[in-house]
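# what shape does this take:
(one chain, ligands or ions: 1)
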Amino acid sequence: IDTMIPLQSREIWNKHRVKKFNTGDEFQEKFISHVEWTLARSLYNCDDLAAYQATSESVRDNLVIDWNKTQQRQTARDSKRVYYLSLEFLMGRALDNAIINMQTDTSEKDVGETKETLTSGNTSREMIKNAIGQLGFNFEDVLEQEPDAALGNGGLGRLAACFVDSMATGDYPAWGYGLRYQYGIFAQKIINGYQVETPDYWLNFANPWEVERSEIQVPINFYGYVDRAQSGSSTLAPVDWIGGERVLAVAYDMPIPGFKTSTVNNLRLWSAKPTTEFDFSKFNSGDYKNSVEQQQRAESITAVLYPNDNFEQGKELRLKQQYFWCAASLHDIVRRFKKSRRPWSEFPDQIAIQLNDTHPTLAVVELQRVLVDLEKLDWHEAWDIVTKTFAYTNHTVMQEALEKWPIGLFGRLLPRHLEIIFDINWFFLKAVEEKFQHDVDLLGRVSIIEEASPERQIRMAFLAIVGSHKVNGVAELHSDLIKTTIFQDFVKIYGPNKFTNVTNGITPRRWLKQANPKLAQLISDTIDDRADNYLLDMSKLTALAKFAEDETFQSKWNDVKQFNKLRLADLIKKLNGGVDIIERDHIRNTLFDIQVKRIHEYKRQQMNIFGVIYRYLSMKEMLSSGSSIEEVAEKYPRKVSIFGGKSAPGYYMAKLIIKLINSVGDVINKDDEIKDLLKVVFIPDYNVSKAEIIIPASDLSEHISTAGTEASGTSNMKFVMNGGLIIGTVDGANVEITREIGEDNIFLFGNLSENVDELRFNHQYHSTKLPESLNKVLNVIESGAFSPENPSEFKALTDSVKYHGDYYLVSDDFDSYVATQELVDQVYHKDKAAWLKKSILSVANVGFFSSDRCIEEYADTIWNAEPVKPET
Ligand code: GL2
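The predicted model follows:
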């Protein structure tokens with residue numbers, strides 16, 4: 001690798017080479033020097049926040065050494081690189097994860113002998129915990145200081161975070177590219193039962209996990225016009241795009257450490273800032289204020305994450321974000337490639353770019369522009385390179401989430417890109433026409449340009465398909481569905497092999513080891529893997545199966561669950577102003593039933609709360625017809641229904657669901673007659689760090705989307721990995737979870753996706769017939785039982801089922817949902833051993849859902865990329 005340092009100076013560099021801390025003592029030395037030098041504080045004013053910062057700086061120092069080496073190694077080996085483009089990276093906290101991933105040794109022989117070093121197996125976390133304790137701080141309190149990096153909405157963003165973890169762990173030369181929003185997903189407050197959004201200014205304190213690369217600044221243009229003075233009339237010839245507005249993209253890098261490897265990859269996030277150029281025309285015309293304001297507007301591009309999940313709004317600023325990010329990332333990728341001095345034809349051999357949903361599809365167009373307009377390649381040669389480079393992951397079939405841009409708006413912002421899209425479409429349609437002359441409607445159906453009124457629109461998903469060599473869905477059912485529904489015509493055009501499946505996964509480092517240290521400990525003790533190698537090879541978990549019916553083991557397993565339930569009860573108490581909602585004395589016999597995810601009608605939190613109401617009404621009915629509370633408890637044993645999740649700020653129905661949950665909780669939780677047998681809790685501001693407390697505490701979790709709507713779901717995998725059982729529909733990855741863990745270990749119910757169209761059709765053409773049970777529930781809601789001051793408060797929710805076609809099929813699934821819930825109660829309360837066996841077997845067979853497996857599949861079947869292993 002090139003260096004500017006003369007040979008004779010290298011010795012001095014080597015002599016003063018920076019070193020990692022490797023013992024608790026060395027860590028403490030680092031910590032204190034950071035308190036003094038980095039924070040300019042001391043022993044006399046070091047609080048938890050300062051301790052967090054000093055710890056992070058110290059851990060970061062270790063990472064940076066490996067980070068630099070990794071980048072040098074990857075450059076020197078010059079193998080194929082992977083770039084994961086995602087508008088969302090829902091990273092959560094970094095410190096604990098970095099500490100866990102620092103565990104470097106994969107040999108088990110020295111475990112237990114040299115306990116307090118980083119190379120002694122399972123002790124990196126213990127070592128630092130002790131060292132911090134000796135310095136006078138509580139490890140957990142220190143970790144709590146870190147704000148979540150909440151640069152995502154939900155599953156899609158968290159998937160990207162799990163993937164970068166697995167790419168580093170698998171030693172893949174892979175970078176993530178995203179945006180450094182100043183405001184992540186809003187913080188949710190619940191006021192009088194309503195969601196209120198407050199800004200998440202997560203960069204309030206210095207962020208030790210990013211490095212500003214102020215030397216890496218990419219100028220990005222918007223607006224302007226296309227000048228073809230040089231090129232004549234052919235649109236295919238290179239032209240000049242004269243931009244009208246220019247901003248700078250500045251790189252911020254986050255280290256992504258792999259687990260038990262010294263590979264540390266890079267996540268590069270772009271931040272917008274004004275150029276130093278100044279609009280002198282405005283200045284000279286006396287409009288100084290305006291020209292400053294225009295400069296300031298630059299920063300607004302990366303100010304805020306759009307808070308919609310599975311929904312696209314079509315705002316100009318969003319398109320600006322997308323282009324800004326795609327252009328900056330591609331510029332960076334192309335610059336790195338050009339340093340290798342290889343011919344352009346080798347670009348796809350050296351680079352794979354994965355499009356996380358259609359959000360980065362402009363990168364396809366931008367690469368074509370760079371190759372044709374700037375590098376002067378022939379159009380078709382360029383297009384061949386482009387399509388071999390990109391691959392596209394689809395994450396939803398829902399119409400409202402599919403991106404479309406009106407060509408007017410698009411053409412104003414990106415005039416040259418619009419021309420290129422027209423040309424791409426022209427060649428694409430020409431080829432289709434040649435092949436399918438008999439199918440007259442086909443061209444209109446697959447055109448990248450939709451002939452819509454009032455205006456034509458660009459279908460980004462179609463552009464992504466045409467610009468990629470592979471398209472994948474995220475669970476088997478979903479990948480089948482896209483082939484038979486939204487992308488059906490493209491299967492005909494390209495053949496079935498362009499379409500594939502990579503079922504989602506999650507990183508076991510965060511979602512088992514970090515979130516559930518007690519369970520991780522029990523597992524590693526039980527399968528005799530104290531160096532935690534199972535976290536790299538989850539098939540090792542199958543060794544748990546032989547203990548599934550072992551009474552002593554079951555009891556230890558249960559103890560871990562109870563510990564985690566208490567931990568969650570503590571969190572709930574804290575969030576409820578110090579007042580307990582959950583009865584601690586009975587926690588072992590209380591079923592924790594949890595649904596945490598974005599609030600969405602298709603995810604059917606409304607069905608869950610209707611079920612809770614039905615249970616409550618049934619309990620009250622028993623009491624009023626003379627049953628004793630013991631008899632009620634026999635039929636409806638102790639249960640807490642726990643909800644959490646954010647609604648998009650503009651999503652009226654989802655916000656109403658939140659309000660209903662809270663209103664129902666207010667009534668039920670105060671009703672002394674039912675003697676705490678049922679409680680309802682809404683946990684405000686669900687996020688990654690709360691998920692780490694909530695998920696390990698579940699006995700049962702709910703994944704109950706209308707069949708065919710949830711592409712995969714990933715929290716279902718997290719709950720199973722933590723020994724929780726699932727109640728779910730035959731949707732998304734629930735299908736493969738069932739296959740892996742066995743159908744005896746999951747509670748499935750409801751209609752199948754193949755029946756959904758017909759059921760919806762019936763609702764449209766005949767009025768919806770409600771089952772007796774649901775009818776009762778809706779009537780009680782309409783009576784104002786949960787909103788006495790405003791009985792019609794929830795009318796939109798009840799009407800949507802009753803009169804508006806029940807699009808999400810709550811009425812069709814309600815009875816089987818309720819019946820399945822009663823079955824759950826029976827197993828949980830009547831046969832604890834059977835329950836524990838299911839729980840143990842689930843964990844034993846959850847290995848398939850490690851995101852390490854996903855990354856291997858992407859690497860083998862889509863990227864054709866190999867790991868670059870550190871030399872040992
Ligand atoms: C989603 C899907 O809704 C979800 O089922 C899937 O698990 C994730 C990750 O593949 O992607 N699609 C989508 O647009 N969002 C998702 O979470 N926001």
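# how about the residues of the stretch 401-550 of the chain by the ligand?
When proximity is defined as C-beta under 6 Å from any ligand atom, the stretch 401-550 of the chain approaches the ligand at 401, 474, 504. C-beta here means a position set from N, CA and C on the backbone, and glycine is covered the same way.
# change it to 8 Å
Neighbours of the ligand within the stretch 401-550 of the chain, by C-beta under 8 Å from any ligand atom: 401, 474-475, 478, 504.
# please narrow those to those residing in helices.
Among those, the members found in helices (DSSP state H) are His478.
# which one of the residues of the stretch 401-550 of the chain next to the ligand is nearest the ligand?
Set against the ligand, the nearest of those by C-beta to the nearest ligand atom is Val474 (3.9 Å).
# quick check: Trp37 vs the ligand, distance?
Counting by C-beta to the nearest ligand atom, to the nearest Å, the gap between Trp37 and the ligand amounts to 42 Å.
# whoops, I mixed them up, Phe186
Separation of Phe186 from the ligand (C-beta to the nearest ligand atom) stands at 16 Å.
# any chance of the residues of the stretch 401-550 of the chain next to the ligand in TSV, plus neighbour count and pLDDT?
Formatted as TSV, those follow (neighbours: other C-beta atoms under 10 Å; pLDDT from 0 to 100):
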residue	neighbour count	pLDDT
Ala401	18	96
Val474	28	99
Ala475	25	99
His478	29	98
Asn504	28	99
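# which bits of this structure sit near the ligand?
Near the ligand, when you scan the chain using C-beta under 8 Å from any ligand atom, you find 153-159, 309-310, 357, 393, 395-396, 398, 401, 474-475, 478, 504, 598, 710-714, 732-733.
# on that earlier part again, can you add distance to Asn558 and give the residues of the stretch 401-550 of the chain next to the ligand back as JSON lines?
Formatted as JSON lines, those follow (distance: C-beta to C-beta, whole Å):
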{"residue": "Ala401", "distance to Asn558": "41"}
{"residue": "Val474", "distance to Asn558": "33"}
{"residue": "Ala475", "distance to Asn558": "31"}
{"residue": "His478", "distance to Asn558": "35"}
{"residue": "Asn504", "distance to Asn558": "29"}
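# run a quick neighbour tally on Tyr52.
Neighbours of Tyr52 under the rule other C-beta atoms under 10 Å: 22.
# packing partners of the helix or strand harbouring it?
Per DSSP states H and E, Tyr52 falls inside helix 48-77. Contact analysis of helix 48-77 by 3 or more C-beta pairs under 8 Å, 6 or more residues apart in numbering; DSSP states H and E lists helix 24-33, helix 95-101, helix 124-134, helix 139-144, strand 245-257, strand 264-274 as its packing neighbours.
# what comes up buried for that helix?
Using 16 or more other C-beta atoms under 10 Å as the test for burial, helix 48-77 gives 50-63, 65-67, 70-71, 73-75.
# and the pLDDT for the residue located most distally from the centre of the chain?
In the chain, the residue that sits farthest from the middle, by C-alpha atoms, centre = their mean, is Gly626; the gap is 49.7 Å. Gly626 carries a pLDDT score of 98 in this model.
# listing partners with orientation, what would you give for the next helix or strand after the helix holding Tyr52?
Next helix or strand after helix 48-77 toward the C-terminus (DSSP H and E): strand 81-85. Strand pairing for strand 81-85, using DSSP bridges, gives strand 174-179 (parallel), strand 351-356 (parallel).
# right, and those strands - which one's nearest Phe553?
The closest of the strands paired with strand 81-85 to Phe553 is strand 174-179. By C-beta to C-beta, the value is 38.8 Å.
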